[in-house]
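Chemist: following is a predicted model, sequence given first.
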Amino acid sequence: AQTVTQSQPEMSVQEAETVTLSCTYDTSENNYYLFWYKQPPSRQMILVIRQEAYKQQNATENRFSVNFQKAAKSFSLKISDSQLGDTAMYFCAYVTSGTYKYIFGTGTRLKVLA
Amino acid sequence: NAGVTQTPKFQVLKTGQSMTLQCAQDMNHEYMSWYRQDPGMGLRLIHYSVGAGITDQGEVPNGYNVSRSTTEDFPLRLLSAAPSQTSVYFCASSYGLAGTDTQYFGPGTRLTVL
């Protein structure tokens, strides 16, 4: 069975600094997708970034980028120039290609300090 | 578009009571799913549907029933509520293929079972 592990329950970062959130996963599949979702205090789940396992190039979305290490089964999220609005829970998620059973990690609570 | 809507936003039940959590989307999405979110557990998939008339179990289906009679609606039924079902419930939808299509989440329903 696939698993997703986020080992950092809480993190903090100063405004304008860079922070990296860690995620590791376990799967025997070769084709899959990985995601980072943001959940602000409003509780709304928002997709931050998506990575396709067959693509070696790391995904980027503005200030958000990932470091995808397929062999190590690692998928970290880097947030550059952190903003107060980045304060939220961040969830790492996995889904095997062709299935619909998404698996989420337990989340990392990020606080951006002014 | 209203996106994914969930009703009610909050609900308190007594043990043994039944209720239905409503979920609707107006984006003509084929895929819909229900998750529960518990502290320290992340999101766990309860049931999902890949189209009208087609449903399947997720990671934690016990105690919950679903049906999909229309593309727009995907209600979640608790037949006999238990305190262990106290949680925040999220409905999500996407156009189709797992991973390639963005999953949109509703605002959540906070359920308390006394």
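Modeler: Here it is on my side, so go on. Numbers count the residues shown, from 1 in each chain, chains lettered A, B, ... in the order given.
Chemist: let me know the pLDDT of the residue nearest to the spatial centre of chain B.
Modeler: Central residue of chain B (Cα atoms, centre = their mean): B:Trp34, 2.8 Å from the mean position. With respect to pLDDT, B:Trp34 scores 98.
Chemist: specify the beta-bridge partners of it.
Modeler: Beta-bridge partners recorded for B:Trp34 (DSSP bridges): B:His47, B:Cys91.
Chemist: I'd guessed it sits against B:Gln6; true?
Modeler: No - counting by Cβ atoms under 8 Å, B:Trp34 stays clear of B:Gln6, with 9.8 Å between them. Just so you know, the C-beta spots here come from the backbone N, C-alpha and C atoms, and that holds for glycine as well.
Chemist: which residues does residue 111 contact?
Modeler: Just going to use chain A. By Cβ atoms under 8 Å, 6 or more residues apart in numbering or on different chains, A:Lys111 lies in contact with A:Glu10, A:Met11, A:Ser12, A:Val13, A:Thr87.
Chemist: actually it's chain B I care about, not the one you picked
Modeler: Residues in contact with B:Leu111, defined by Cβ under 8 Å, 6+ apart, are B:Phe10, B:Gln11, B:Val12, B:Leu13, B:Leu21, B:Leu78, B:Ala81, B:Gln85, B:Thr86, B:Ser87, B:Val88, B:Tyr89.
Chemist: secondary structure element for the residue nearest to the fourth one when sequence neighbours are not counted?
Modeler: Once flanking residues are discounted, B:Leu13 sits nearest to B:Ala81: 4.5 Å by Cβ to Cβ, 6 or more residues apart in numbering or on different chains. Remark: B:Ala81 resides in no helix or strand, with elements defined by DSSP states H and E.
Chemist: for residue 81, phi and psi?
Modeler: Picking chain A for this. Torsion angles at A:Asp81 (phi, psi; degrees, to the nearest 10) stand at phi 50, psi 60.
Chemist: correction: the question concerned chain B.
Modeler: For B:Ala81, the backbone dihedrals (degrees, to the nearest 10) come out as phi -60, psi 140.
Chemist: how many neighbouring residues does it have?
Modeler: 21 (other Cβ atoms under 10 Å in any protein chain shown).
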